[in-house]
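Trainee: Provided below are the primary sequence and the corresponding predicted coordinates.
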Amino acid sequence: MKHAILFVFSTFFSLQAVAEGLPEGALEDPTAIGPYDAVEANLSDFLWLKRPVVVFADTPADPRFKRQIELLEARPQALIDREVVILVDTDPKTPSDIRTKLRPRGFMMVLIGKDGEVELRKPSPWDIREITRAIDKMPLRLQELKEMRAAQDAELND
C-alpha cells in the first residue's frame, strides 16, 4: 500500500510539473518534445540527452512565433527520432536564464546540440526538413547514425 501511495504522488507531481511548463517530461520520456516553457528550463539538464530547439519571441502573438510552432508540431516523429526538445520564451520582460544567455532580439529560433553548443540561429521560421538536415550534419548525429547502422547490421548477421 505504501508503494502504491508513493507511486500515485510521484505520478501526480510529475504530471503537474509538465502542466506547469517544467521540462521534466522532456528528460524522462523520449517521445515528449514539448513545447515547454524556457523560464523553467536549464540547458545543462539536456546536456548529452537532448537537442534543444529554443523559440524566442517578444509576444506569443508574433506571427513568426506562431508559424514556427506550427512547423515544429507538423512532423513530431522527425524531432523525436533526433532527440529534440522544444523550449519557448515569449516574455522578454522577465528574462529566463536561457534568454539571458542567448540574447535574442525579437523572434529567433536557436538549435543547440547535445554538447550544449549553439549550432544554428535563425531570425525567421524554419521548417522541419531544414532543421533535420542541420541536425543530420552534426558530428554527434553522424556518429549516432553510424552506431545505429552497426547495431542493425549486427542483428541481421545473428
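Mentor: Cool, the structure landed.

Trainee: when you work out contacts or count neighbours from here on, use the C-alpha atoms and nothing else.
Mentor: OK.

Trainee: if I look at Glu130, how far off is Gly34?
Mentor: Look at Glu130 and Gly34: by C-alpha to C-alpha, to the nearest Å, they are 19 Å apart.

Trainee: out of those two, which sits in the more crowded spot?
Mentor: Gly34 (21 against 10; other C-alpha atoms under 10 Å).

Trainee: so Thr100 is in which element?
Mentor: helix 97-102 (DSSP states H and E).

Trainee: buried stuff in that helix?
Mentor: By neighbour count with 16 or more other C-alpha atoms under 10 Å, helix 97-102 contains the buried residues 98-99.

Trainee: what do you get for stretch 73-90?
Mentor: 73, 76, 79, 82-90.

Trainee: show me which pair in those residues is furthest apart.
Mentor: Arg82 and Thr90 (24.7 Å; C-alpha to C-alpha).

Trainee: from the chain's centre, how far out does the helix holding Thr100 sit?
Mentor: 15 Å (C-alpha atoms, centre = their mean, to the nearest Å).

Trainee: which residues sit against that helix?
Mentor: Residues outside helix 97-102 that contact it (C-alpha atoms under 8 Å, 6 or more residues apart in numbering) are 38-39, 41-43, 56, 89, 92.

Trainee: from those, pick the one nearest Lys137.
Mentor: Leu43 (21.4 Å).

Trainee: got phi/psi on the residue nearest to Arg75 when sequence neighbours are not counted?
Mentor: Spatial nearest neighbour of Arg75, excluding adjacent residues (C-alpha to C-alpha, 6 or more residues apart in numbering): Ile128 at 6.9 Å. Note on Ile128: backbone dihedrals following degrees, to the nearest 10 are phi -60, psi -40.

Trainee: what about Ile128, neighbour count?
Mentor: When neighbours are counted by other C-alpha under 10 Å, Ile128 comes out with 18.

Trainee: residue contacts, the residue minimising distance to the centre of the chain?
Mentor: By C-alpha atoms, centre = their mean, the chain has its centre lying nearest to Val85, at 1.4 Å. Neighbouring residues of Val85 by C-alpha under 8 Å, 6+ apart: 26, 32-35, 50-53, 79.
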